[in-house]
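Participant: Have a look at this prediction, sequence included:
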Protein chains: 2
Amino acid sequence: MPQIRLKDVANILGLSNSTVSKALNDSFEISDETKRKVQHTARLLNYTPNQVAVNLRKKHTKTIGVIIPTMVHHFFSKIIDGIIERAEKDGYLVIILQSNESISLEKKQVNLLIDKRVDGILISLSNETNEFVHLKKILSRNIPLILFDKIEPSIACSKVKIDDFEAAYSSVVFLIKKGYKKIAHFRGDFNPKNSVDRFNGYKQALLDNNIDFDPSLVFLCDNNSDFEDGYSNAKKLISDKIKVDAIFAITDLIAIGAIKYLKEQQIKVPEEIAVFGFSNWFMSSVISPTLSTVDQPAYKMGKVSMEILLDEIRTLKENKTVTHKEITLPTKLVIRNSC
Amino acid sequence: MPQIRLKDVANILGLSNSTVSKALNDSFEISDETKRKVQHTARLLNYTPNQVAVNLRKKHTKTIGVIIPTMVHHFFSKIIDGIIERAEKDGYLVIILQSNESISLEKKQVNLLIDKRVDGILISLSNETNEFVHLKKILSRNIPLILFDKIEPSIACSKVKIDDFEAAYSSVVFLIKKGYKKIAHFRGDFNPKNSVDRFNGYKQALLDNNIDFDPSLVFLCDNNSDFEDGYSNAKKLISDKIKVDAIFAITDLIAIGAIKYLKEQQIKVPEEIAVFGFSNWFMSSVISPTLSTVDQPAYKMGKVSMEILLDEIRTLKENKTVTHKEITLPTKLVIRNSC
DNA sequence: TTGTATGCGTTATCAA
DNA sequence: TTGATAACGCATACAA
C-alpha cells in the first residue's frame, strides 16, 4: 500500500488539510471532538507525516552530521555512541561520514552535509587537515559546528577536548616519581595537535624534573597501524641497544605492540622496561601485564559535544547570539601493572 | 549570508527558474551558451541545491538507515565501515541507530527511519527480537530491507550472513582431529539464530565423531560482557573441577576472557586446555598465545549488504520486481597457537 | 531553446 | 472552530 498522506485522512473525514494538520499537532484552535476523531483515524490508517515535507516547510532537518577519521577504532566508536544516544533524546538523527585521515575527503564530506541541510555538524579533524576553508564555509552558512578531540584552535566555534599536554605531563611525572629515568616516547604524527601536545607534555615533564630531553629517545609512529608501530619501534629500540627503563606511548595500542615485542624478547615488563599507554582502551586491562594508561572519556566526549551542539541549534533558532564554549574534559591516570 | 536558492541565480541572470534548473542539470534542451553562463554564476554564488526540496520533489532521500545492536564492537564497526563506504560511492548517506539489544528500541528506530523516508533499511536484529511486525511494516511500506548477520529466516527479504553452523562445525572438527576429546562450549544467548547455529554445529561435530554430547560441558554467556563471561565461566569450569581439554568459545572476547583466567591459574594454553575463538578480531593475533579462531568477513558483510540494498532500490525505481537474495559469506579457520 | 504552471506533502496566515 | 490559500525550493509537463 502506498504511503498515506495528510490529504488522505482529510478526505476520508471530510475535513480540510489544515484542520487535520492542526489537529494532529494538537493545536488549541481545534475542538477536542475533532482532534479525537482525526487522531483516531490517523492512527487507524497508520499515518505518519512525511518528514521531508515537514523539513522543507520548517527549514530544518532534525539531523546532524558527524565526520570522524575512522569508525573502526574503539575510541571513536564510543564517541559516536555518546553522540547518537544524546541526539536521539532530542529527536535528532545522525549521519556519519569518515574522512579516512584525508583532508580532501573531509572537504567532500563537509559539502555533502551542507547540501543535505543538516542542522549542525560535529567534526574530529583528520591528521592531514592543515587548512580550514571548509570549516569556515560551514560557519559562513551559519551552521553550528563543534570540533572535538582533534580540534583546531583558530576556528571560531565550540570545542570539546582533553588536555593532552597535561595528561602526558602527569603520566611522565608519574613515571619519574616512580624512579624511571630514561624514558622513551613513542610519539604520533606531527600534525594533529593532540600528538604535539602529548609530546610537549612529555618533554616538559622531563625538563621540570631535571632530566635532559634526549631526541634519540623519541620514536615516530606513522604507519597508521598503531600496533605495528609499537612493535617495530620497540624492536628498533632494542636492536639499537638504546638504554631506556620506560616507554611512554601515545596510544594504548602502540603500548600493547611494544609490550608484545618486549615479551617476545624475554624482556620483563615492567621490571626491565616499564610501559605507559594512553586512552584506557578496554583491552588495556586485559593484556598482561595490565597496562597503566590515561583514561580518556570517549562516551562523555560524544555526549557533551552533542549537548553543546543542540544548545547552539536552539539558541540560533531563537535568534539569540551563540557564545562558543571550550570544554576540557578531565582525564585521569589509571595505574596498573606495566609500570 | 543566507543560503542562495535556484530562484536567486535565475533572478540575477534574468532567466526563469526552469531554465536554470535544467541548465544546472545539464539538460539537452538548454543551449551550451546559457548552460555555461548559468553554471558559472552558480559556482560563483556558491549555489548548491537544497537537497530536502529535491528529495520532496523526487520522492527519495538518498539516505539509508542502519540499525545495529551496538556501535561499540569491533565486528559491527567494521560492518558499518563497509556499509558507509559502499553507500557513499553511490551518493547515499547513512543514518545509524542502535537497538542496544532491546526489541522495543529496535521498533522505535524502525519507525524513525520510516518517517524519515529513508530509501532503504539495513538491520542486524537485537538478541531480544522474537517477533517481527516492525519488519513487516517496513516491507508493507515497500521499503527495501536487508537483514544481515543477525537475521530472521521467516522474513521475506534479502539476507546476508555467514554459515554459523558450518563454521562452528568445522572448528570443532578441527579440534577433534587434533586430538582433543573433552571439548567445552561457551555458548551465547538462546535467541539469536547465530548462537543457536553455532551451538548446533558444535554438537553435530561431536556426534559425527563419536563423542557423546555432554550438556555439563556447555556454559552460557549472557552478561552482555563477553570478556567477563569468558573469564567467569572458565573460573566455574576450573573450580567445579570439570575435566576438559579444549574450549570452543562463541566469541573471541569470550575466548580471551577464558585464556586470561587460565593463565592466572597457571593452566597452560594450549597444553592443558586449548581455546578456540570466533570472529578473528584483530586482538586475537596479539594476545598470547595467539588465538585460533574463525575469520568472519565483517567489512565485506557491510559492503555486500549495501550492494544488494542499492540494487533493490534501483530495480524498485524501475518498477521491476525485486527478487530477494540470500548470501552466505565464506568464513575460514585461522589457526594460531591456542590449540 | 526558453518560459509558465503545477505539484511534491506539509505548515502557517488569514479570512470565514 | 474550521477552511482556503500561499509558501518552503526544486523539477518537470507542457506551452510558447
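Facilitator: Good, I have the coordinates.
Participant: can you list the residues of the stretch 151-300 of chain A near chain B?
Facilitator: Listed as neighbours of chain B in the stretch 151-300 of chain A under the rule CB under 8 Å from any CB of the partner chain: A:227, A:256, A:257, A:260, A:263, A:282, A:283, A:286, A:287, A:288. All C-beta spots, glycine's among them, are computed from the backbone N, C-alpha and C.
Participant: taking those residues one by one, which sit in helices?
Facilitator: When DSSP state H defines the helices, the subset of these inside them is A:227, A:256, A:257, A:260, A:263.
Participant: does DNA strand C sit close to the longest helix along chain A?
Facilitator: For chain A, the longest helix by residue count, based on DSSP H, is helix A:298-317. No: using CB under 7 Å from any atom of the strand, helix A:298-317 never reaches DNA strand C; the gap is at least 11.6 Å.
Participant: Buried ones in stretch A:145-158, by neighbour count?
Facilitator: A:145, A:146, A:147, A:148, A:149, A:150, A:151, A:152, A:155, A:157, A:158 (16 or more other CB atoms under 10 Å in any protein chain shown).
Participant: Neighbours of the closest residue to DNA strand C within the stretch 201-339 of chain A, how many?
Facilitator: Closest residue of the stretch 201-339 of chain A to DNA strand C, CB to the nearest atom of the strand: residue A:317 (11.6 Å). Neighbour count for residue A:317, taken as other CB atoms under 10 Å in any protein chain shown: 11.
Participant: Now do the same contact list for the nearest residue in space to it that is not next to it in sequence.
Facilitator: Leaving aside its sequence neighbours, residue A:317 sits nearest to residue A:60 (CB to CB, 6 or more residues apart in numbering or on different chains; 7.7 Å). Contacts for residue A:60 (CB atoms under 8 Å, 6 or more residues apart in numbering or on different chains) come out as A:117, A:119, A:317.
Participant: Just name the closest of those residues to DNA strand D, please.
Facilitator: Nearest to DNA strand D among the contacts of residue A:60, with distances taken as CB to the nearest atom of the strand, is residue A:117, at 8.8 Å.
Participant: all strands for the stretch 201-339 of chain A, in order.
Facilitator: Ranges of strands in the stretch 201-339 of chain A, per DSSP state E, counting those that start in this stretch, are A:218-220, A:246-249, A:274-276, A:293-295, A:326-329, A:332-334.
Participant: that older thread, in TSV: the buried residues of stretch A:145-158, plus secondary structure and pLDDT.
Facilitator: Listed next are those as TSV, based on DSSP: H, G, I helix; E, B strand; the rest coil; pLDDT from 0 to 100:
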residue	secondary structure	pLDDT
A:145	strand	98
A:146	strand	98
A:147	strand	98
A:148	strand	98
A:149	coil	97
A:150	coil	95
A:151	coil	96
A:152	coil	95
A:155	coil	97
A:157	coil	98
A:158	strand	98
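Participant: Tell me, what's the model's pLDDT at the nearest residue to residue A:332 once chain neighbours are set aside?
Facilitator: Residue nearest to residue A:332 in three dimensions, not counting chain neighbours: residue A:295, with 5.0 Å by CB to CB, 6+ apart. On the pLDDT scale, residue A:295 is placed at 98.
Participant: Could you list the low-pLDDT ranges of the stretch 51-200 of chain A?
Facilitator: Nowhere does the stretch 51-200 of chain A drop to pLDDT under 70.
Participant: Pull the number of nearby residues for residue A:104.
Facilitator: 13.
Participant: Just to be sure, it is in a helix?
Facilitator: Yes: assessed with DSSP: H, G, I helix; E, B strand; the rest coil, residue A:104 lies in a helix.
Participant: got the contact list for residue A:135?
Facilitator: Neighbours of residue A:135 in contact, by CB under 8 Å, 6+ apart: A:110, A:123, A:145, A:147, A:152, A:155, A:157.
Participant: Relative to DNA strand C, how far out is residue A:44?
Facilitator: Distance, residue A:44 to DNA strand C, by CB to the nearest atom of the strand, to the nearest Å: 15 Å.
Participant: and what of residue A:70?
Facilitator: In this view, residue A:70 and DNA strand C are 37 Å apart by CB to the nearest atom of the strand.
Participant: Disregarding residues adjacent in the polypeptide, which is nearest to residue A:5?
Facilitator: residue A:50 (7.1 Å).
Participant: and the one you found, how many neighbours?
Facilitator: Residue A:50 has 19 neighbouring residues, counting by other CB under 10 Å.
Participant: ok, it touching residue A:3?
Facilitator: Yes: taking contacts as CB atoms under 8 Å, residue A:50 lies within contact range of residue A:3: 7.1 Å.
Participant: what about residue A:175, helix or strand, and which?
Facilitator: Element membership for residue A:175 (DSSP states H and E) is helix A:164-177.
Participant: can you list the residues that contact that helix?
Facilitator: A:183, A:193-194, A:197-202, A:204-206, A:208-209, A:211, A:246, A:248, A:274, A:276, A:278, A:294, A:296, A:331, A:333, A:335, A:339.
Participant: Buried by neighbour count, from the residues you listed: which ones?
Facilitator: By neighbour count, with 16+ other CB under 10 Å, the contacts of helix A:164-177 hold A:183, A:193-194, A:197-199, A:201-202, A:204-206, A:211, A:246, A:248, A:274, A:276, A:278, A:294, A:296, A:331, A:339 as buried.
Participant: The residue in the stretch 51-200 of chain A that DNA strand C sits nearest to - nearest residue in space that isn't next to it in sequence?
Facilitator: Per CB to the nearest atom of the strand, residue A:53 is where the stretch 51-200 of chain A lies closest to DNA strand C, at 3.4 Å. Excluding the flanking residues, the one nearest residue A:53 by CB to CB, 6+ apart is residue B:56, at 5.6 Å.
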